[in-house]
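S.K.: compute the structure for the input listed below.
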Amino acid sequence: MLKIMPTLETERLRLEKITIENAEDMYEYASDPKVTRYLLWNPHLNLFETKGFIEHVKRKYRSGEFFDWGINLKSNNKFIGTVGFTTVDPDNDRAELGYVLAPSYWRRGLMFEALSRVIDFAFDDCGFGRLELKIMPDNISSRSIAEKLGFSYEGTLREYMIIKEKPEDVCFYSLLKRERSNYRPFM
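M.R.: Okay, here's the model as predicted:
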């Protein structure tokens, strides 16, 4: 399973642990309501809140309880989002993936590229047999990425989660290791 969080690379991206040096770039997108529209958390109110979150992340890294990579562009080292495992269930060889990307980098295939690399790591290095995504029904872009990556839609659970004080439906997607032929690493 997951013992360490190595730096992962793709053609355009470097995925590595989030650091305090990423605070301003993170705040830039984390304070944007259109970014957090389909997420569990509200927009960050100020840079202090973002720095506090990163300090929390650093503690979780040290205790081995956090598995999220910062997404950095290789071309200019700009921190543009995060991707990783929101939950890990080693007893059942599965993990849930989560991700967020700065809006100025949407529709460039960058999240597809980052997720492809994390999927490879999850199956090849961690030994997971199942990866899951939970996506709100109206998040068409995220659902499209899931389908392009070969995830299967399993259904929608009605009012499954309270998100921002409101019961919300959640779509479930999965990708099994044995179905890897469905996984299309290139767009």
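
S.K.: what's the single longest helix in this structure?
M.R.: helix 47-63 (DSSP state H).

S.K.: tell me which element the nearest residue to residue 35 once chain neighbours are set aside is part of?
M.R.: Nearest residue to residue 35, sequence neighbours excluded (C-beta to C-beta, 6 or more residues apart in numbering): residue 29, at 5.1 Å. C-beta: built from backbone N, CA, C; applies to glycine. When elements are assigned from DSSP states H and E, residue 29 belongs to helix 23-30.

S.K.: avg pLDDT for that helix?
M.R.: Helix 23-30 carries an average pLDDT of 96.

S.K.: how about stretch 156-169?
M.R.: Stretch 156-169 comes out at a mean pLDDT of 93.

S.K.: list the buried residues of it.
M.R.: residue 168 (16 or more other C-beta atoms under 10 Å).

S.K.: what's the answer for stretch 68-86, then?
M.R.: For stretch 68-86, by 16+ other C-beta under 10 Å, it's 68-72, 79-86.

S.K.: kindly export the longest helix of the chain (C-alpha atoms) in PDB.
M.R.: Written as PDB, here are the backbone C-alpha positions of helix 47-63 (Å, rounded to 0.1, in the frame of the first residue of the first chain):
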ATOM      1  CA  LEU A  47      -3.900  34.100   2.900                       C
ATOM      2  CA  PHE A  48      -3.700  33.400   6.600                       C
ATOM      3  CA  GLU A  49      -6.400  30.700   6.200                       C
ATOM      4  CA  THR A  50      -4.500  29.100   3.300                       C
ATOM      5  CA  LYS A  51      -1.300  29.100   5.300                       C
ATOM      6  CA  GLY A  52      -3.100  27.500   8.200                       C
ATOM      7  CA  PHE A  53      -4.400  24.800   5.900                       C
ATOM      8  CA  ILE A  54      -0.900  24.100   4.600                       C
ATOM      9  CA  GLU A  55       0.500  23.800   8.100                       C
ATOM     10  CA  HIS A  56      -2.300  21.300   8.800                       C
ATOM     11  CA  VAL A  57      -1.300  19.400   5.700                       C
ATOM     12  CA  LYS A  58       2.300  19.300   6.800                       C
ATOM     13  CA  ARG A  59       1.300  17.700  10.100                       C
ATOM     14  CA  LYS A  60      -0.800  15.100   8.300                       C
ATOM     15  CA  TYR A  61       2.100  14.300   6.000                       C
ATOM     16  CA  ARG A  62       4.400  13.700   9.000                       C
ATOM     17  CA  SER A  63       1.900  11.300  10.600                       C
END
